[in-house]
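**Student:** need coordinates for the below:
(one chain, ligands or ions: 2)
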Amino acid sequence: MEKIRINASVDYDVLIDSGLLKEAGELIFSALLPASGVSATDPLAARRQAENTTAVIVSDDNVFPLYGEALKNSLAGSGYKTIEFVFPHGEKSKSLNTYGELLEFMCDSHIRRSDMIVALGGGVVGDLAGFAAATYQRGITFIQIPTTLLAAVDSSVGGKTAVDLTNGKNQVGAFYQPRLVICDTDTLSTLPPEEYSCGCGEIIKYAVLESEEFFDELLQKPVCTQYEHVISTCVKMKKAYVENDEFDTGLRMKLNLGHTFGHAVEACSGYSILHGQAVAMGMAAVTKAASEMGLCSKETLVRLLEILDVYKLPSEIPYGLDEMFEVTLVDKKNSGSVTNLIVPTAIGNCRIMKIQTEKLKGWLEEGGVR
Ligand SMILES: NC(=O)c1ccc[n+]([C@@H]2O[C@H](COP(=O)([O-])OP(=O)(O)OC[C@H]3O[C@@H](n4cnc5c(N)ncnc54)[C@H](O)[C@@H]3O)[C@@H](O)[C@H]2O)c1
Ligand SMILES: [Zn+2]
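**Tutor:** Numbers count the residues shown, from 1 in each chain. Ligands and ions are numbered 1, 2, ... in the order given. Below you'll find the predicted structure:
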């Protein structure tokens with residue numbers, strides 16, 4: 001088992017291995033013991049405390065039928081009571097509406113501050129459940145069990161929680177760290193192929209940002225044959241950003257590589273293009289322009305396009321720039337603002353370039369992106 005300690009405003013472990021779901025109850029029990037106020041040498045008192053704790057399992061209607069029962073059994077085996085809140089899958093559910101329903105459900109179920117929320121699912125479940133955990137009774141214990149590759153390498157670690165507003169993603173949220181992240185790589189076996197590709201998009205992002213060696217590994221061996229290694233490599237990279245800049249005011253913004261234009265593509269598609277696919281297009285666009293302007297080599301672009309192709313990720317933005325920018329980046333509220341654009345200088349290295357938001361479109365055009 002890989003165990004990565006994150007030292008943020010809350011210190012916690014990220015555990016990565018196959019078969020962890022059936023051990024979730026005991027793993028949570030052990031992780032919560034030090035802060036429980038119960039002495040580790042008094043196991044009966046600790047068990048009694050667990051028996052007094054309800055775990056609210058938050059999940060979606062794809063994931064819960066697959067893994068909910070195993071999680072419930074494991075939690076019950078460790079003494080926890082469980083209740084579940086299962087909502088329709090998809091980004092549309094990451095809303096104030098679902099958030100409100102979850103809070104009302106917890107209140108009706110007499111959930112107290114000493115209880116906990118366990119998120120079982122992808123980034124949508126984790127972001128929504130985390131925001132509920134951050135705000136219900138001013139904050140209750142939060143556990144992440146990511147079941148998508150994207151959630152495993154990215155959203156379950158680092159404490160960003162949020163829901164969407166009608167006209168903006170992640171517009172309401174909080175920084176709120178989980179107390180434990182349990183990544184059971186077996187759960188990834190049921191991921192639809194396009195969700196697997198999306199996770200690979202974020203993984204390629206880490207490689208382009210941080211490590212040519214990791215990039216080569218991804219080319220030599222498919223991600224799905226080395227989940228534990230790939231996820232732990234990404235989590236270690238994310239750990240460094242989170243520990244240096246937990247509240248995202250500086251270096252952590254590098255994790256936005258591919259996202260500036262990716263978000264615009266997502267919005268333009270009405271969210272029919274998946275996030276990881278849009279990030280792939282965004283990385284390709286920024287790298288194409290960078291190579292055209294001599295900020296990185298042509299080979300950097302060629303290699304990026306090659307790996308995106310290997311992982312069945314798109315590289316061409318299917319919209320004209322006018323169309324894309326009309327929807328998002330150069331609207332009135334952005335005029336005068338500055339965007340921190342993350343630009344690859346080589347595979348394994350990127351820089352932050354400050355560009356006036358209204359000049360982003362011109363920057364891409366100058367770089368030959370149409
Ligand atoms: N908090 C952060 O730091 C952060 C970082 C990146 C992305 N995000 C957010 O994460 C969200 C995207 O996350 P996602 O890609 O995991 O999407 P998701 O949670 O919608 O999951 C994708 C799909 O896969 C299904 N699914 C999940 N696990 C499965 C499994 N094991 N087997 C079969 N199907 C499964 C889900 O039901 C869903 O239909 C976005 O809302 C994004 O804003 C947050
Ligand atoms: Zn992303």
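**Student:** run through the residues that contact the residue nearest the centre of the chain.
**Tutor:** The C-alpha lying nearest the average C-alpha coordinate of the chain belongs to Ser155 (CA atoms, centre = their mean; 1.7 Å). By CB atoms under 8 Å, 6 or more residues apart in numbering, the contact set of Ser155 is Gly122, Gly123, Gly126, Asp127, Pro146. C-betas here are computed from N, CA, C, even on glycine.
**Student:** narrow these to those in strands?
**Tutor:** Using DSSP state E, the subset of those located in strands is Pro146.
**Student:** the stretch 251-370 of the chain: helices as residue ranges?
**Tutor:** 259-268, 275-292, 298-310, 321-327, 360-366 (DSSP state H, counting those that start in this stretch).
**Student:** now swap in the stretch 1-150 of the chain and tell me
**Tutor:** Under DSSP H, counting those that start in this stretch, the stretch 1-150 of the chain gives helices at 24-32, 43-51, 63, 69-77, 96-108, 123-135, 149-150.
**Student:** and these as JSON lines, adding distance to Met253?
**Tutor:** Formatted as JSON lines, the helices of the stretch 1-150 of the chain follow (distance: least, CB to CB, whole Å):
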{"stretch": "helix 24-32", "distance to Met253": "30"}
{"stretch": "helix 43-51", "distance to Met253": "40"}
{"stretch": "helix 63", "distance to Met253": "30"}
{"stretch": "helix 69-77", "distance to Met253": "34"}
{"stretch": "helix 96-108", "distance to Met253": "26"}
{"stretch": "helix 123-135", "distance to Met253": "18"}
{"stretch": "helix 149-150", "distance to Met253": "19"}
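**Student:** closest one to ligand 1 among those helices?
**Tutor:** In terms of CB to the nearest ligand atom, the element of the helices of the stretch 1-150 of the chain nearest to ligand 1 is helix 123-135, at 2.0 Å.
**Student:** tell me the pLDDT of the nearest residue to Ser93 once chain neighbours are set aside.
**Tutor:** The shortest distance from Ser93 to any non-neighbouring residue, by CB to CB, 6 or more residues apart in numbering, is to Phe87 (4.9 Å). For Phe87, the pLDDT comes out at 98.
**Student:** from ligand 1, how far out is the closest residue to Thr98 other than its chain neighbours?
**Tutor:** If you skip the residues right next to it in sequence, Thr98 has Phe87 as its closest partner in space, 5.1 Å away by CB to CB, 6+ apart. Phe87 sits 10 Å away from ligand 1, going by CB to the nearest ligand atom, to the nearest Å.
**Student:** so Phe87 touches Asp60, yeah?
**Tutor:** Yes - counting by CB atoms under 8 Å, Phe87 touches Asp60, with 5.9 Å between them.
**Student:** identify the contacts common to the two.
**Tutor:** Ser93.
**Student:** quick revisit: look up how far Lys94 lies from the residue nearest to the centre of the chain.
**Tutor:** 11 Å (CB to CB, to the nearest Å).
**Student:** which neighbours do those two have in common?
**Tutor:** Common neighbours of Ser155 and Lys94 (CB under 8 Å, 6+ apart) are Asp127.
**Student:** residue ranges with poor pLDDT in this structure?
**Tutor:** Counting by pLDDT under 70, the chain shows low-confidence ranges at 39-40, 328-336.
**Student:** what residues does it have near ligand 1?
**Tutor:** 60, 62-63, 66, 89-91, 94, 121-125, 127, 147-148, 150-151, 154-155, 158, 160, 169-170, 187, 190-191, 195, 198, 275 (CB under 6 Å from any ligand atom).
**Student:** what residues are up against the closest residue to ligand 1 within the stretch 201-350 of the chain?
**Tutor:** Per CB to the nearest ligand atom, His275 is where the stretch 201-350 of the chain lies closest to ligand 1, at 5.5 Å. His275 makes contact with Leu150, Cys198, Gly201, Gly262, Glu266 under the criterion CB under 8 Å, 6+ apart.
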